[in-house]
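> the amino acid sequence is not available; the structure is as follows:
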Ligand code: 13P
Ligand code: SF4
């Protein structure tokens with residue numbers, strides 16, 4: 001629409017005049033992803049967002065995603081300003097893992113190495129030995145397991161169970177989940193497979209084990225996008241947030257993408273494969289963050305940030 005076009009143009013001009021760069025996640029609205037691409041920012045998974053934010057020369061980062069992504073950017077570049085379209089964009093994994101309770105859980109098992117998913121608060125990261133994202137979690141747990149380490153894993157129990165099954169590592173789990181992926185249903189997926197017998201099934205490992213077990217490819221957002229481009233199938237059933245379709249379709253325009261069904265048997269879906277917090281990153285909110293950053297800027301207390309930087313850097317160095 002005309003409104004959308006003029007907002008996009010305003011944002012482009014503001015990014016330029018503010019010397020700011022836009023870093024967006026694959027789950028944000030396609031219009032935000034396109035804007036990041038057109039303005040020299042980046043659209044990527046959580047690991048690449050962290051790396052891009054750290055390595056980019058711009059003094060000001062605008063992070064379109066959820067709060068932990070903004071916090072990670074700030075922790076890795078304390079000298080940069082980091083704003084977000086809204087600080088209300090949280091994540092059910094972060095909400096389900098309060099720092100105090102998690103820390104007490106860790107205290108009860110001092111012999112274990114603490115590995116936390118990136119989808120956590122700065123305070124939870126500050127209690128961890130390692131941070132991982134879904135694209136590197138398997139390799140890092142394999143590495144720790146080969147050193148004979150016993151692990152505390154938090155907060156995503158589905159991702160944890162998947163990694164545990166792949167590696168056989170000794171992992172004590174926190175009981176959290178992503179409300180978006182938790183809604184995919186194996187029973188409903190079975191029906192979809194029946195309707196599309198030649199489709200390959202792509203699944204993000206935040207999904208329940210019964211869904212993961214039906215996958216032809218399991219991986220982080222960037223890994224699923226790669227699978228969609230590289231696999232010879234013409235049809236794909238995709239079990240992750242629908243925002244990912246933008247990049248999949250861009251890289252593989254001739255392929256047919258089918259959204260995996262959420263919730264089985266007559267139940268109505270709640271998130272419907274669209275993260276409500278990712279969806280808060282609208283154009284208007286983004287424009288406002290560039291004009292009036294007050295209330296939209298990320299701050300992480302410096303002692304906490306220093307402590308949280310250690311496990312984050314371990315991950316980035318391991319991935320390098
Ligand atoms: P990745 O992009 O790292 O796969 O993360 C998925 C996610 O749920 C982010 O919120
Ligand atoms: Fe959190 Fe799930 Fe939303 Fe990602 S998709 S931000 S894991 S609730």
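Yes, it's here. This one's a predicted model, so the numbers in the text were calculated from it and none came from an experiment. Ligands and ions are numbered 1, 2, ... in the order given.
> for the helix or strand hosting residue 248, which outside residues touch it?
Taking DSSP states H and E as the definition, residue 248 sits inside helix 245-251. By CB atoms under 8 Å, 6 or more residues apart in numbering, the residues outside helix 245-251 that reach it are 26, 30, 33-34, 43, 224-225, 228-229, 236, 238, 255, 257, 259. For every residue, glycine as well, the C-beta is placed using N, CA and C.
> run the last query once more with 6 Å
The contact list for helix 245-251, computed with CB atoms under 6 Å, 6 or more residues apart in numbering, reads 26, 30, 33, 225, 228-229, 257.
> just the buried ones from these, in ChimeraX syntax?
A single ChimeraX command selects the buried members of the contacts of helix 245-251 (16 or more other CB atoms under 10 Å):
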select :26,33,225,228,257
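> can you redo the contacts of helix 245-251 as JSON lines with secondary structure, distance to ligand 1 and pLDDT?
Output for these, formatted as JSON lines (DSSP: H, G, I helix; E, B strand; the rest coil; distance: CB to the nearest ligand atom, whole Å; pLDDT from 0 to 100):
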{"residue": "26", "secondary structure": "coil", "distance to ligand 1": "6", "pLDDT": "98"}
{"residue": "30", "secondary structure": "helix", "distance to ligand 1": "16", "pLDDT": "98"}
{"residue": "33", "secondary structure": "helix", "distance to ligand 1": "13", "pLDDT": "98"}
{"residue": "225", "secondary structure": "helix", "distance to ligand 1": "10", "pLDDT": "98"}
{"residue": "228", "secondary structure": "helix", "distance to ligand 1": "14", "pLDDT": "98"}
{"residue": "229", "secondary structure": "helix", "distance to ligand 1": "16", "pLDDT": "98"}
{"residue": "257", "secondary structure": "strand", "distance to ligand 1": "17", "pLDDT": "98"}
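> what comes up buried for the helix holding residue 248?
By 16+ other CB under 10 Å, the buried positions in helix 245-251 come out as 245-248.
> ok, now stretch 8-22?
8, 10-11, 14-15, 18, 20-22.
> model confidence over that stretch, on average?
Averaged across stretch 8-22, the pLDDT comes to 98.
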